[in-house]
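Fold the following.
(2 chains)
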Protein chains: 2
Amino acid sequence: MDFELPITRQACIAADAADPLRALKDHFLLPEAVIYLDGNSLGARPRASLEVATRVLEQEWGTGLIRSWNSAGWFELPGRLGNKLAALLGAGQDEVVMTDTTSLNLFKCLAAALRIQKAADPARKVILTERDNFPTDIYMAEGIVDFLDQGYSVRLLDDELTLADALGPDVAVVALSHVNYRTGAMWDMAATTADVHDGGALVVWDLAHAAGAVPVDLVGANADFAVGCTYKYLNGGPGSPAFIWVNARHQDRFWQPLSGWWGHARPFAMEDSYEPATGIGRFLCGTQPIVSLALVECGLDISLATDMAALYGKSLALTDTFISLVEARRGDHPLELITPLDHARRGSHVSYKHPEGYAVMAALIARGIIGDYREPHVLRFGVTPLYVGFTDIFDAVDALFDILDNRLWDTPQFRERLAVT
Amino acid sequence: MDFELPITRQACIAADAADPLRALKDHFLLPEAVIYLDGNSLGARPRASLEVATRVLEQEWGTGLIRSWNSAGWFELPGRLGNKLAALLGAGQDEVVMTDTTSLNLFKCLAAALRIQKAADPARKVILTERDNFPTDIYMAEGIVDFLDQGYSVRLLDDELTLADALGPDVAVVALSHVNYRTGAMWDMAATTADVHDGGALVVWDLAHAAGAVPVDLVGANADFAVGCTYKYLNGGPGSPAFIWVNARHQDRFWQPLSGWWGHARPFAMEDSYEPATGIGRFLCGTQPIVSLALVECGLDISLATDMAALYGKSLALTDTFISLVEARRGDHPLELITPLDHARRGSHVSYKHPEGYAVMAALIARGIIGDYREPHVLRFGVTPLYVGFTDIFDAVDALFDILDNRLWDTPQFRERLAVT
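Predicted coordinates:
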């Protein structure tokens, strides 16, 4: 699918009319007078979600009660939804489960990787990650290292330090975000995985800003572990459960330390000692929030109705359009693009630094153009091609420059910080 | 409140009519022709839940979108609901958060306790728990010990071994369930906590079968840690998020290793190093399933409309009635009561061993008397006084003896094991 870059509103309208993915927007319910460019933080609500919630509440919980663990397939949900998601990740069947949070799943992967390395090469005691990684990924690595208290440490990759330089013989595992949450920069997963393996380390990919946003091929890249969330590009609902993928070659090599009943080989035998299930099942832990988990299927089914190549092609055309429109009107405004121009390195959002970024974004949100703000100074515009069109992009950039050209951001109202930014 | 024990159906009907808590049942939607005695596994559905789910989906997620983290108070939910729950636990304000699963919260507590002891008395390397504890509690302890790989171990308390005998100078932390999931036996929390402290150890109470079921006074008992779930007696919905309480004297002594963004002192500053929030906030980790979390409030508000003394008084009258009715009809049936007769040691369910327990329970469920089965051979009948009445108990016992007297359980249909039992 090729898009010619539309740089007038009329051309954007035409591009939307010609967009073969346009009908997918009808599967979502978005408020009137909102242009939603924050699907990389919380995806929009699928139309089907209320029906599914009503079914789970009325029929499954209300009428089925405890019987629904069998009759409504609750016990199968983490694996069944994981198998559905696998198609979007280049993963095999029975390699993914949907469970817990991204942070916790990262903990499981890091713990597993450290244990594998401890057996193979005990001198490898460093978790290598990026200083610019999503903070919780760094925090979880710090937590595990502090808790082990056995000479493990976290090393942060700076811009100045290349991965190759940092990959010493002491590195056990590398934790990277496939798409950076701030900049939208994307690692080459296959090449980077090969580099990590050449350095003797294992790699955990955080797909929070990648799953459902860019083509991912975990098996093709020969990755070791991956985690990610379902409430961004997969539109699973606020805080919907996360996922975890483990390369089949690692699955049975250890048991991760969050060893709850759901990961047991015989969870209902009530045995007094843990025996991990074979395969990916041992990455489950405790009882999952069934209502939130069941809702994930609504968004997932929409993504599965198309394919990642088509979605990502449209995404690149949308982010290209955004960047071109900004370039055309930038003038003297101190807007700094921090998203890579190179398609091969770009995820599905566009970010600019602006010294008054917080107030500028607040002014945009006040008129219904919803992106978000990330420290420091970053205006972030997420593009979910399932429901964002070219005219949305045009109108968003138009509003941005109305706000910038007329300093409409410069009010106490827009400078006031909210609890969650 | 005193109940005279009703042992005829007419007396049960009269007892229900005189029950001052009877109106609470109207807050729940239970299917017709079901007597629900499994609220200790999954509580019934509050009537308000569909309205709350609809509000969260339509207004908060659908219309508010990402803005709802502020405008709908999502960010405040774990603490706000924790503060509401505190009243049922004898806990103070800002001492409880609702988050993650019971298993994970137990991991946090055990990790914290081990770290505290490591600083105070490094020779204490044993996690002491009961062989008859809920298996996931044992499994989580095994996971932590295996992962640390530093000479830590799990010691299981058998019936033969008293707590006093097992509490050696090597015990760091004792993990006990306040009410046993199988037998319904209840520990004396204050006396046991004092014993554990005398032995130099810390105690974690699992309140899964206690919260909302029996009076709990965590501060009064001077306990150290507590965890529990909200989907049993608190009627939060299938797999609804769990809770964690930490005595204020411990909260700032360490940071638990599941150190995600939500536990950071400044979660949106996007700092590249973890700094724990002060207080109970540091026991939060990753993004929570908002729909499932919000639904917890429906059940919680019903429990808060009465008080635990009244609820527990009715619960004991109901379990006494159950036991008396069974005694009256037991005859030669190999039914063994494994729940304590002593009120001071009884939770809110009644359990009997029967060699054909699985098939007997399947036959009961087939006629709408829903209890559950637990290995080995245990028929378990949960009593939630919010929606269970005396006539329900009479009819359930009557059905039980119809099934036993006429061997109605003895069919292939009832012997066939389901995935989840």
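
so A:Tyr139, which of the three states?
helix (DSSP: H, G, I helix; E, B strand; the rest coil).

in chain A, which segments are predicted with low confidence?
A:1-4, A:160-161, A:421 (pLDDT under 70).

Can you list the buried residues in the lengthiest helix in it?
Scanning chain A for the helix with the most residues, using DSSP state H, yields helix A:308-329. For helix A:308-329, a neighbour-count test (16 or more other Cβ atoms under 10 Å in any protein chain shown) marks A:308, A:311-323, A:325-326 as buried. From N, CA and C alone the C-beta is placed, and that goes for glycine too.

in its sheet, what does the following helix or strand past it sit against?
Using DSSP states H and E, the helix or strand that follows helix A:308-329 towards the C-terminus is strand A:336-337. Strand A:336-337 sits in its sheet next to strand A:349-353 (antiparallel), going by DSSP bridges.

Next, the buried residues of the strand it pairs with.
Buried-residue list, strand A:349-353, by 16+ other Cβ under 10 Å: A:349-353.

Give me the next element, helix or strand, following that strand.
Next along from strand A:349-353, by DSSP H and E: helix A:357-366.

That following helix versus strand A:349-353: what angle between them?
Orientation of helix A:357-366 against strand A:349-353 (axes from the mean of the first three to the mean of the last three Cα atoms, to 10 degrees) gives an angle of 130 degrees.

picking that back up, out of the buried residues of strand A:349-353, which is nearest to B:Asp395?
Checking the buried residues of strand A:349-353 against B:Asp395 by Cβ to Cβ gives A:His349 as the nearest, at 59.5 Å.

what distance separates the longest helix of chain A from the centre of its chain?
Centroid separation for helix A:308-329 versus its chain: 19 Å, with Cα atoms, centre = their mean, to the nearest Å.

So which elements touch it?
With contacts defined as 3 or more Cβ pairs under 8 Å, 6 or more residues apart in numbering or on different chains; DSSP states H and E, helix A:308-329 has these neighbours: strand A:349-353, helix A:390-405.

Quick check: which of these has the most neighbours on average?
strand A:349-353 (a mean of 25; mean count of other Cβ atoms under 10 Å in any protein chain shown).

And the helices in chain A, which stretches?
Counting by DSSP H, the helices of chain A are A:9-18, A:49-54, A:68-71, A:77-89, A:102-120, A:135-148, A:163-166, A:189-198, A:248-251, A:290-304, A:308-329, A:357-366, A:390-405, A:412-415.

Tell me which of those helices lies nearest to A:Leu42.
Per Cβ to Cβ, nearest to A:Leu42 of the helices of chain A: helix A:290-304, 11.1 Å.

Could you list the buried residues of the closest one?
Under 16+ other Cβ under 10 Å, the buried positions of helix A:290-304 are A:290-300, A:302-303.

For the stretch 101-250 of chain A, what lies in contact range of chain B?
A:101-104, A:107, A:111, A:115, A:118, A:131-132, A:134-136, A:138-140, A:142-144, A:146-150, A:156, A:182, A:229, A:231, A:237-242 (Cβ under 8 Å from any Cβ of the partner chain).

filter those residues to the buried ones?
A:101-104, A:107, A:111, A:115, A:118, A:132, A:134-136, A:138-140, A:142-144, A:146-148, A:156, A:182, A:229, A:231, A:237-242.

Determine the longest strand present in chain A.
strand A:171-177 (DSSP state E).

Distance from the chain centre to that one, please.
17 Å.

Compute the inter-axis angle for that strand and helix A:189-198.
170 degrees.

pull the CA atoms of strand A:171-177 into PDB?
The C-alpha trace of strand A:171-177 is given here as PDB (Å, rounded to 0.1, in the frame of the first residue of the first chain):
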ATOM      1  CA  VAL A 171      26.600  -8.700  30.900                       C
ATOM      2  CA  ALA A 172      24.000 -11.400  31.600                       C
ATOM      3  CA  VAL A 173      20.900  -9.900  30.000                       C
ATOM      4  CA  VAL A 174      20.000  -6.800  27.900                       C
ATOM      5  CA  ALA A 175      16.600  -5.200  28.400                       C
ATOM      6  CA  LEU A 176      15.500  -3.000  25.600                       C
ATOM      7  CA  SER A 177      12.300  -1.300  24.500                       C
END
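
these two touch, right, A:Leu85 and A:Val97?
No: A:Leu85 lies out of contact with A:Val97 (Cβ atoms under 8 Å); the separation is 9.4 Å.

quick one, what contacts A:Ala359?
If you count contacts by Cβ atoms under 8 Å, 6 or more residues apart in numbering or on different chains, A:Ala359 has them with A:409-411, A:414-415.

let's see 10 Å
By Cβ atoms under 10 Å, 6 or more residues apart in numbering or on different chains, the contact set of A:Ala359 is A:373, A:403, A:407-417.

Same check on A:Ala141?
A:Ala141 neighbours (Cβ under 10 Å, 6+ apart): A:106-107, A:110, A:126-129, A:133, A:152-156, A:173, A:175, A:204, B:259, B:274.

Narrow the residues you listed to those that are buried.
For those, a burial check counting by 16+ other Cβ under 10 Å picks out A:106-107, A:110, A:126-129, A:133, A:152, A:154-156, A:173, A:175, A:204, B:259, B:274.

Just the buried ones among the contacts of A:Ala359, please.
Buried among those (16+ other Cβ under 10 Å): A:373, A:403, A:408-409, A:414.

which pair in the residues you listed spans the largest distance?
A:Tyr373 and A:Leu408 (15.9 Å).

hmm, back to that, of all the buried residues of strand A:349-353, which comes closest to B:Leu364?
B:Leu364 has its nearest neighbour among the buried residues of strand A:349-353 in A:His349, at 55.1 Å by Cβ to Cβ.

Go back to the contacts of A:Ala359 and keep what's next to chain B.
Restricting the contacts of A:Ala359 to those touching chain B (Cβ under 10 Å from any Cβ of the partner chain) yields A:373, A:417.

Which two of the contacts of A:Ala359 have the greatest separation?
Using Cβ to Cβ, the contacts of A:Ala359 reach their maximum pairwise distance at A:Arg407 and A:Arg417, which is 19.3 Å.

out of everything not next to it in sequence, what's closest to the residue sitting furthest away from the middle of chain A?
Within chain A, the residue lying farthest from the chain centre (Cα atoms, centre = their mean) is A:Asp272, at 37.1 Å. Distance criterion Cβ to Cβ, 6 or more residues apart in numbering or on different chains; nearest residue to A:Asp272, sequence neighbours excluded, is B:Arg131 at 5.0 Å.

In contact with that neighbour, which residues?
A:272-273, B:138, B:155-161 are the contacts of B:Arg131 under Cβ under 10 Å, 6+ apart.

do A:Gly286 as well
So, once contact is read as Cβ under 10 Å, 6+ apart, A:Gly286 ends up touching A:99-100, A:104, A:258, A:260-263, B:100-107, B:136, B:139-140, B:229, B:239, B:242.

quick one: the residue nearest to it when sequence neighbours are not counted from A:Trp69, how far?
By the measure of Cβ to Cβ, 6+ apart, the closest residue to A:Gly286 outside its immediate chain neighbours is B:Thr101, 3.0 Å from it. Distance of B:Thr101 to A:Trp69, given as Cβ to Cβ, to the nearest Å: 16 Å.

what's the answer for A:Gly228, then?
26 Å.

the more surrounded of these two?
A:Gly228 (28 against 25; other Cβ atoms under 10 Å in any protein chain shown).

residues contacting that one?
A:85, A:89, A:96, A:102, A:105-106, A:177-178, A:205-212, A:216, A:234, A:242-245.

Since that was my last question, I'll sign off now.
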